[in-house]
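S.K.: structure of the sequence below:
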Amino acid sequence: MPTSQDMTTDPDTGLLDALQHQVAVFARRAEQTRLGGVGQVRNSMDRAAYLLLNRLDLEGPMGVKALAAGMGIDSSTVTRQVAPLVDTGLVKRTSHPEDGRAVVLQLSPRGQARLDEVRSSRRELMARVTDGWSEEERDSFCALLTRFNSALSARQSAASADSGNPDADTEVPPTS
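M.R.: Below is the predicted model:
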């Protein structure tokens, strides 16, 4: 298996440079889109909020620890990120059905409506951006981007395990 040193001196250096540049451009464009700088303002939602609301929608009500574990971040980060969602009524805290002492986080009807609005708007944006792409190209791009994100997540998880410090931006793909 090649070492990091081998990978950077490989003849693919130009390709790897182009790839890291395109990832940086993608990150900038994604942030501009989120802030409404490109696309529609209703796309705008904080990344952490979107990921938390999405997870609660896909997996249902859960405690802070389960939410943190599923997202690959620590409980204190989830607690900090959930607070404004509770304050704005997008998420509600309820008692655990089996253990009244435990708290469960749940998407509120208002949170569901807001998430649906953002998803719909982002879906429309994705359709416009990939207009002219074949179904196979969209599928391939999605598969490769998912694979790329999974590899980044696995690398971050390994680094976090070594340092004992989970990264707040790590997102583990939801299970179906």
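S.K.: tell me the gap between the longest helix anywhere in the chain and the middle of its chain.
M.R.: When every helix of the chain is counted residue by residue (DSSP state H), the longest turns out to be helix 135-163. Between the mean C-alpha location of helix 135-163 and the chain-wide mean there is a distance of 11 Å, by C-alpha atoms, centre = their mean, to the nearest Å.
S.K.: please begin residue numbering at 419 from this point
M.R.: Happy to do that; since the first residue is 419 now, the last one works out to helix 553-581.
S.K.: by contact count, what packs against it?
M.R.: Using 3 or more C-beta pairs under 8 Å, 6 or more residues apart in numbering; DSSP states H and E, no helix or strand is in contact with helix 553-581. From N, CA and C alone the C-beta is placed, and that goes for glycine too.
S.K.: this protein: strands as residue ranges?
M.R.: 509-513, 521-525 (DSSP state E).
S.K.: which residues sit against the last one?
M.R.: Contacts of strand 521-525 from elsewhere in the structure, counted by C-beta atoms under 8 Å, 6 or more residues apart in numbering, are 471, 474-475, 478-482, 485, 500, 508-515, 533.
S.K.: try it again at 6 Å.
M.R.: Residues from elsewhere that reach strand 521-525 (C-beta atoms under 6 Å, 6 or more residues apart in numbering): 474-475, 479, 481, 509-512, 514.
S.K.: by neighbours, which of those residues wins?
M.R.: Ranked by neighbour count (other C-beta atoms under 10 Å), these have residue 474 at the top, with 25 neighbours.
S.K.: give me the beta-bridge partners of the residue nearest to it when sequence neighbours are not counted?
M.R.: Taking C-beta to C-beta, 6 or more residues apart in numbering as the measure, residue 474 lies nearest to residue 525, with 4.4 Å between them; neighbours along the chain are not counted. Beta-bridge pairing of residue 525, defined through DSSP bridges, involves residue 509.
S.K.: residue 525: neighbouring residues, count only.
M.R.: 23.
S.K.: repeat that for residue 558.
M.R.: Going by other C-beta under 10 Å, the residues that sit close to residue 558 add up to 12.
S.K.: residue 496 reaches residue 487, doesn't it?
M.R.: No. Using C-beta atoms under 6 Å, residue 496 is not in contact with residue 487, being 9.4 Å away.
S.K.: pick out whichever of these two has more residues nearby.
M.R.: Using other C-beta under 10 Å as the criterion, residue 496 and residue 487 rank with residue 496 on top: 24 against 16.
S.K.: return the residues in contact with that one.
M.R.: Contact analysis of residue 496 by C-beta under 6 Å, 6+ apart lists 482, 485-486.
S.K.: the same query, at a cut-off of 8 Å, please.
M.R.: When contacts are taken as C-beta under 8 Å, 6+ apart, residue 496 is in contact with 470, 482, 485-486, 489.
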